[in-house]
Structure formats: C-alpha cells, structure tokens
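Asks: Sequence first, then the predicted structure:
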Amino acid sequence: MRHLILSLICLISPLMAQADYSRTYLDSHPLQRAQVNDLEIAYRIVSEGENKPKAVVIMGLGGSNVAWGDDLISGLANGGYEVLLLDNRDTGASTRFDDWGQPLLWWELLKYRLGFSVNAPYTLNDMAADIAGLMEQVGYEEAHIIGASMGGMIAQIVAAQYPDKTRSLISIMSTTNAPHLPPPTSEAEMNLRNLATGEAEEDREQSIRDRGFYPESMQRHLMAIFKTGDRSRDVATITAPTLVLHGADDGLVPPEHGRHTAELIQGSDFLLIDGMAHNMPEAIIPILVTEMTSHMNRVEAVPVASR
C-alpha cells in the first residue's frame, strides 16, 4: 500500500528540479478559454503560424500549462513548432471540481488495491477527450502529442483512441500503470517522506504553487489514474510514431515503466537519459528539446502519402 501511494503521488511535480524556472515567456502569450465537453478549458498557443506543424503538450498531476517553464517550450517553438499548452480539467484556469470535494485517500487506495472501483469525478479517458475536443476548437486536425508523467498517460490515451489526431507521440517519464511494474526505490521513498514532513512541507507546497501546480487538484487527478487503471492493452494499439523518454535515475517511476511502454508500441524508440530522474533539470532540457524536435522532424519529413 505504501509503495502504491508513493508511486502515484510522485507524479505531482515533474519539473521541481528545474532550478532556474521561469514563466515570463509563457505569460507573454495570452491565456484563452474554450468550451470543451461542457467544460471551460484554458490554453495558450505559443509561436503561432498557419503553416507550422503543431504540437500539444500535456502536463502532469495538478500542473497548469505554465508548469512546463519557458526553456522547454521556447525550445520547441524555436525548432519551428506551434505549441498548444493547456490547463487540464480541474487545474489552473480550467473548470475546477472543488465542489466534488476530496477523496478519502486511504479508503480509495484500499479499494483500488483490492480491485474495487474508486470514486472519481472523471477518468484519464475524459481528460484525453478534452485534448481531442480542444484540438477541434482551435482547428488542429492533427498534432504531435507530448505528455509528461500523468500527462504522458493522457497522451498515450489520445494516441490510442484518437489516432487520426495524432501525428506522433512523445511520452516522458510516464507509465502504463501495469500492475507488474516496480515500485519506487527505498531512497526515492525516503526523499519523498522527508519532503512531506516538518518545515519542508510548507516550503514544498509554496514551491509547487510557484511553478504552476495546484495541490487541491492532485488527489482528484490521482483518483482519475486509479479509476482508469492498467492501460497496457490500449497502449499496445498505438500506431503513431512514438518516442519514449525516461530518466535513468528516476526512482519514483523507475525506468522499467518507460521501457514497458516502448515495448508495447511497435516501432517505438526508447531513450534512457543519464542525469535525469523524475524531473526536467536545467542541464537536461536541451537534450530533451533536441530529442523531441528530432523525432518530430523525422515524422514531418515523411511524405503524407507514405504515412
């Protein structure tokens, strides 16, 4: 039970190790809103251009669009891509589910472990439908679908269930949530426990909020993950060109999770990145940008008739 809690709560802050976090560039692009699936979804479009290839980026648990930070998104934009960022449902400026309340976490986790359905106001499938709906609203016929952590789970669902909208898939430090995959390491567990105790707890929450994360949304997002469960069968149907990126030092979602994702998707590429854990450190972002743009460029170079 303890490992199950940690392996999923770890998904709340994939960008916390980005030391020189900045959102000035992102904030220079206006926040817009669209009606999608009876909800209001907030989004930004960066480096807009009618003839540019499109990319959609999806943040992890509790994260708003600015949680990506300037460096990675500006890197994609400088690579020639128009980038759509959004606040997932129940976070940021998108429709919130605060009136639903908070789950009784220990009870829902027990139910999940025993194989019973958990209470949740929505699932990851609903969140993927929001992506597809937003793409229609902004006029994207297809796009490169990019997701980190829980956002990677959502991106995988988009690629599986909306293949016509998926130019390619990039899944970053994510998982299929298959039950056989390993739990966090003891060291990662201890580090997380230390962060969640004493004075560090208040500092950690403020740091999370400063980077665009919303703690009040995280438990409901967590329930969406539980409600959706193991997605291995769905992931195995993905046909879009896929790149799976994972940190070699990721003790929270160990590399086997990324490797399993890649194994299920025929023809996918898997890259284990040294110096990266469950985060996007400043020194690693240029590597991520290079790998991501190289992958998308290869897909863009293939003639439409050959796809």
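Replies: Looks like it came in fine. Residues are numbered from 1 along each chain as shown.
Asks: For the stretch 151-300 of the chain, give me the ranges with low pLDDT.
Replies: Applying pLDDT under 70 to the stretch 151-300 of the chain flags residues 187-205.
Asks: Could you do the stretch 1-150 of the chain as well?
Replies: Low-confidence segments of the stretch 1-150 of the chain (pLDDT under 70): 1-19.
Asks: buried set for stretch 235-245?
Replies: By neighbour count with 16 or more other CB atoms under 10 Å, stretch 235-245 contains the buried residues Val235, Ile238, Ala240, Pro241, Thr242, Leu243, Val244, Leu245. C-betas here are computed from N, CA, C, even on glycine.
Asks: Can you show me the helices along the stretch 151-300 of the chain?
Replies: Listed in chain order, the helices of the stretch 151-300 of the chain (DSSP state H, counting those that start in this stretch) span 186-195, 199-210, 215-228, 232-235, 255-264, 285-301.
Asks: er, the stretch 1-150 of the chain I mean
Replies: 2-9, 24-27, 70-78, 105-113, 124-138, 150-161.
Asks: And for the second one, what's in contact with it?
Replies: I take that to be helix 24-27. Helix 24-27 has contacts (CB atoms under 8 Å, 6 or more residues apart in numbering) with Arg44, Val46, Asn65, Val66, Trp68, Gly69, Asp70, Ile73, Ser74, Leu85.
Asks: Next: the fifth one.
Replies: The set of residues that contact helix 124-138 without belonging to it, under CB under 8 Å, 6+ apart, is 34-37, 39, 41, 43, 45, 56, 58, 84, 86, 88-89, 141, 143, 145, 150, 153-155, 157-158, 161-162, 165, 224-225, 227-228, 231.
Asks: The same query, at a cut-off of 7 Å, please.
Replies: Residues from elsewhere that reach helix 124-138, judged by CB atoms under 7 Å, 6 or more residues apart in numbering: 34, 36-37, 39, 41, 43, 45, 56, 58, 84, 86, 88-89, 143, 153-154, 157-158, 161-162, 165, 224-225, 228.
Asks: and if you look at the third one?
Replies: Defining contact as CB under 7 Å, 6+ apart, one finds that helix 70-78 is touched by 22-26, 46-47, 55, 83, 85, 280, 285, 288-289, 292-293.
Asks: which residues touch the closest residue to Ala262 other than its chain neighbours?
Replies: In space, not counting the residues next to it along the chain, Ala262 is nearest to Phe270; the distance is 3.7 Å by CB to CB, 6 or more residues apart in numbering. Applying CB under 7 Å, 6+ apart to Phe270 gives the contacts Val244, Gly258, Arg259, Ala262.
Asks: Drop anything exposed from the residues you listed.
Replies: Those of these that meet the buried threshold are Val244, Gly258, Ala262, by 16+ other CB under 10 Å.
Asks: would CSV of these with distance to Asp98 be doable?
Replies: Formatted as CSV, the buried ones among the contacts of Phe270 follow (distance: CB to CB, whole Å):
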residue, distance to Asp98
Val244, 34
Gly258, 33
Ala262, 37
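Asks: Show me which of these is closest to Ser207.
Replies: Nearest to Ser207 among those: Gly258, at 25.6 Å, using CB to CB.
Asks: Okay, the closest one and Ala93: tell me how far apart.
Replies: 31 Å (CB to CB, to the nearest Å).
Asks: With Met127 instead?
Replies: Distance from Met127 to Ala93, by CB to CB: 16 Å.
Asks: So between those two, which is more surrounded?
Replies: Using other CB atoms under 10 Å, the more surrounded residue of Met127 and Ala93 is Met127, with 23 against 16.
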